[in-house]
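1. Quick one, what's the 3D model for this:
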Amino acid sequence: MKKLSYTLLFASALVFGQTYERDTYTVLDTLKGSDTKFRNFWDVKKYDLSVEPDFAQKSIKGNNMISFEIIKDVVNPTFQIDLQQPMKADKVEAGFPVADYRQDGDFIWIKSNKTFKKGEKYTIDITYSGNPVIAKRAPWDGGWVFTKDEKGNPWMSVADEGIGASIWLPLKDIWSDEPDNGVIMKIITPKDLVGIGNGRLTDKKTNGDKTTYTWEVKNPINPYSIIPNIGKYVNFKDTFNGEKGKLALDYWVMDYNLDKAKKQFQQVKPMLSAFEYWFGPYPFYEDSYKLVESPYLGMEHQSSVAYGNGYQNGYLGRDLSDTGVGLSWDFIIIHESGHEWFANNITAKDQADMWIHESFTNYSEVLFTERYMDKKSAELYAMGIRKIIANDVPIIGKYGVRNEGSRDMYPKGASMLHTIRQVINNDEKFRQILRGLNKDFYHQTVTTQQVEDYISRKAGIDFSGVFNQYLRTTKVPVLEYSQKGEELKFRYTEIVKGLKLPVRIDGEQTINPTEEWQTVKLKKGSPIIFNQNYYINYKKVQ
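-> Coordinates of the predicted model:
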């Protein structure tokens with residue numbers, strides 16, 4: 001292929017190959033993580049793709065037809081399609097004149113000498129093949145998994161939230177642009193295996209020694225949720241009578257785990273009932289709810305939740321809170337399904353805002369416990385998971401470079417939400433805020449600022465300082481105090497400027513600490529009892 005002469009487009013091999021320290025970013029990071037001028041003029045409407053894995057060769061091949069709409073006038077543009085090495089684009093065709101295209105590093109660049117007008121619709125069709133990145137520790141590092149089940153049958157899948165779906169599929173690999181009209185995915189397998197995709201199975205055809213399974217997603221879907229699973233699966237079904245009617249429940253597991261699955265997956269209906277109570281209707285009734293046994297621990301793949309927790313309660317049999325509460329339910333069923341609301345229904349535009357996915361979903365474990373068990377157990381669990389918090393770096397990452405913040409986005413983010421709930425001090429209002437988020441941002445991509453503003457507005461309380469404190473610093477507020485009978489002196493340290501975080505004491509009196517010492521008269525002179533549900537450190541001083 002003739003090379004394109006765009007110095008801005010193509011970084012040197014040194015840049016594309018270099019390693020770099022944390023917080024040092026390159027042109028490559030910006031191209032992957034931001035809405036570049038090669039992405040911002042077109043909006044993906046649908047992916048129509050096929051994938052055929054070869055277990056012996058650890059390779060895949062297929063094609064993806066990208067349907068899109070032009071969203072602003074542009075002259076002689078270059079389109080950026082993401083496809084990470086060592087995958088190759090074998091053929092590129094488009095529904096518009098292509099002046100040239102080339103694959104450079106992790107991108108396919110398609111140049112057109114044409115004027116595009118807002119509202120016009122086109123397609124780009126890419127045939128691809130290669131040996132994709134193999135995961136060493138899925139789902140944490142990302143990549144394809146080629147393994148065998150307990151009976152020695154091939155078992156294949158992929159997990160790619162952090163690294164991106166473009167490790168195997170040519171697409172627009174940015175969280176802010178989901179295919180509005182969903183996905184059609186054809187999975188081509190040996191005829192003795194089964195291919196499971198997102199959404200609903202619409203067709204199955206066997207031709208010779210191969211079978212093609214066609215799955216359709218009708219709703220928008222984040223790119224990293226588009227996942228094929230191939231193995232010796234068996235299926236059983238159920239229905240859930242939910243807020244929007246009958247929801248189809250679809251379960252795909254290894255044949256030797258069928259009895260275990262039928263027992264363990266009984267937790268699904270109580271989970272759905274609890275989450276519909278707190279968050280509103282399951283967001284994807286048209287696409288069904290599905291659990292798919294996976295060759296790794298789990299992931300929140302939309303309408304196709306990956307399950308690999310060994311059919312046991314807790315997190316691989318452990319209680320992450322060390323309170324005993326977390327052994328009352330299956331962590332992966334609860335947590336990964338909670339993502340159907342926060343991550344899949346409401347998706348962060350930028351990976352730096354991944355707390356929107358993980359903080360709310362980590363807190364969904366608390367909310368499920370409250371509904372499934374009782375509030376005391378839920379609060380015990382909420383306080384127990386704080387021991388995991390590292391306070392290493394801020395929860396919000398660097399924007400525009402595919403950077404995540406601290407893993408504290410899980411327990412610390414949940415602790416922040418639990419603290420906000422204490423300040424609101426009205427569980428029904430808090431519940432309506434959660435339901436409102438899922439209704440008002442239904443099937444949308446959002447920013448942190450949108451979520452912050454929404455919660456403050458609906459609560460009628462300015463939580464901007466609280467969000468700054470817990471999301472953008474590693475400091476935990478310290479409430480220093482001293483008590484002499486009915487007199488209480490107090491102040492905050494380790495806080496952002498102007499933090500407004502009132503605290504209820506003795507279950508009935510509210511104080512409003514600042515950085516300055518204050519004194520209040522208590523209703524009684526017995527030793528003060530602080531509410532431990534706030535994520536605050538209390539320090540008694542002389």
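2. Which parts of the stretch 151-300 of the chain are strands?
-> Secondary structure of the stretch 151-300 of the chain (DSSP state E, counting those that start in this stretch): strands at 154-159, 183-190, 194-196, 200-207, 210-217, 229-231, 233-242, 245-254, 289-293, 298-299.
3. TSV please, covering the ones you listed and showing distance to Asp100, mean neighbour count and mean pLDDT.
-> In this view, the C-beta of every residue, glycine as well, is placed from N, C-alpha and C. Output for these, formatted as TSV (distance: least, Cβ to Cβ, whole Å; neighbours: other Cβ atoms under 10 Å; pLDDT from 0 to 100):
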stretch	distance to Asp100	mean neighbour count	mean pLDDT
strand 154-159	31	26	98
strand 183-190	29	22	98
strand 194-196	35	24	98
strand 200-207	36	12	98
strand 210-217	33	19	98
strand 229-231	36	24	98
strand 233-242	43	15	98
strand 245-254	43	18	98
strand 289-293	41	25	98
strand 298-299	38	24	98
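4. Thr147 is nearest to which of the ones you listed?
-> Closest approach to Thr147 among the strands of the stretch 151-300 of the chain (Cβ to Cβ): strand 154-159, 5.2 Å.
5. Output the contacting helices and strands for the closest one.
-> Packing partners of strand 154-159 (3 or more Cβ pairs under 8 Å, 6 or more residues apart in numbering; DSSP states H and E): strand 143-148, strand 229-231.
6. Can you tell me what sits against that strand?
-> 53, 55, 132, 135, 138-139, 142-149, 167-168, 190, 193, 227-232, 294-296, 299, 306 (Cβ atoms under 8 Å, 6 or more residues apart in numbering).
7. Buried ones only from these, please, as a PyMOL command.
-> This is how PyMOL selects the buried members of these, with burial counted by 16 or more other Cβ atoms under 10 Å:
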select buried, resi 53+55+132+135+138+139+142+143+144+145+146+149+167+168+190+193+227+228+229+230+231+232+294+295+296+299+306
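8. circling back: kindly reformat the helices and strands packed on strand 154-159 as a markdown table containing distance to Ser273.
-> Below are the helices and strands packed on strand 154-159 laid out as a markdown table (distance: least, Cβ to Cβ, whole Å):
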| stretch | distance to Ser273 |
| --- | --- |
| strand 143-148 | 32 |
| strand 229-231 | 27 |
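9. Out of these, which gets nearest to Gln532?
-> With Cβ to Cβ as the measure, strand 143-148 is the member of those nearest Gln532 (41.4 Å).
10. Centre of the chain to the closest one, how far?
-> Once both centres are worked out by Cα atoms, centre = their mean, to the nearest Å, strand 143-148 turns out to sit 21 Å from its chain's centre.
11. Just want the angle from it to strand 154-159.
-> With axes from the mean of the first three to the mean of the last three Cα atoms, to 10 degrees applied, the angle from strand 143-148 to strand 154-159 works out at 160 degrees.
12. Could I get the average pLDDT for strand 143-148?
-> Mean per-residue pLDDT for strand 143-148: 98.
13. Show residues contacting it.
-> Residues contacting strand 143-148 (Cβ under 8 Å, 6+ apart): 53, 55, 58, 60, 132-136, 138, 154-160, 163, 167-168, 295-296.
14. now the spatially most central residue of the chain: how far from His443?
-> Centroid-nearest residue in the chain, with Cα atoms, centre = their mean: Ala343, separated by 3.9 Å. The spacing between Ala343 and His443, counted by Cβ to Cβ, to the nearest Å, is 12 Å.
15. Relative to Glu358, which of the helices and strands packed on strand 154-159 is closest?
-> strand 143-148 (20.7 Å).
16. Next one, pLDDT for the residue lying closest to Gly245 once chain neighbours are set aside please.
-> Spatial nearest neighbour of Gly245, chain neighbours left out: Tyr285 (7.0 Å); criterion: Cβ to Cβ, 6 or more residues apart in numbering. Listed pLDDT for Tyr285 reads 98.
17. just the one 3 residues further on next, same as before
-> Per-residue pLDDT puts Ser288 at 98.
18. Would you check that it makes contact with Tyr251?
-> No - using Cβ atoms under 8 Å, Ser288 is not in contact with Tyr251, being 10.6 Å away.
19. can you pull the contacts of the residue lying farthest from the centre of the chain?
-> Within the chain, the residue lying farthest from the chain centre (Cα atoms, centre = their mean) is Gly485, at 49.6 Å. Each residue near Gly485 by Cβ under 8 Å, 6+ apart is listed here: Gly525.
20. For it, give me phi and psi.
-> Backbone torsions of Gly485, given as degrees, to the nearest 10, read phi 60, psi -120.
21. which helices and strands sit right next to the biggest helix by length in the chain?
-> Longest helix in the chain, counting residues (DSSP state H): helix 355-372. Judged by 3+ Cβ pairs under 8 Å, 6+ apart, the packing partners of helix 355-372 are helix 268-279, helix 331-338, strand 346-348, helix 375-384, helix 411-424, helix 448-459.
22. tell me what the fourth one is packed against?
-> Spelled out, it's helix 375-384. helix 355-372, helix 411-424.
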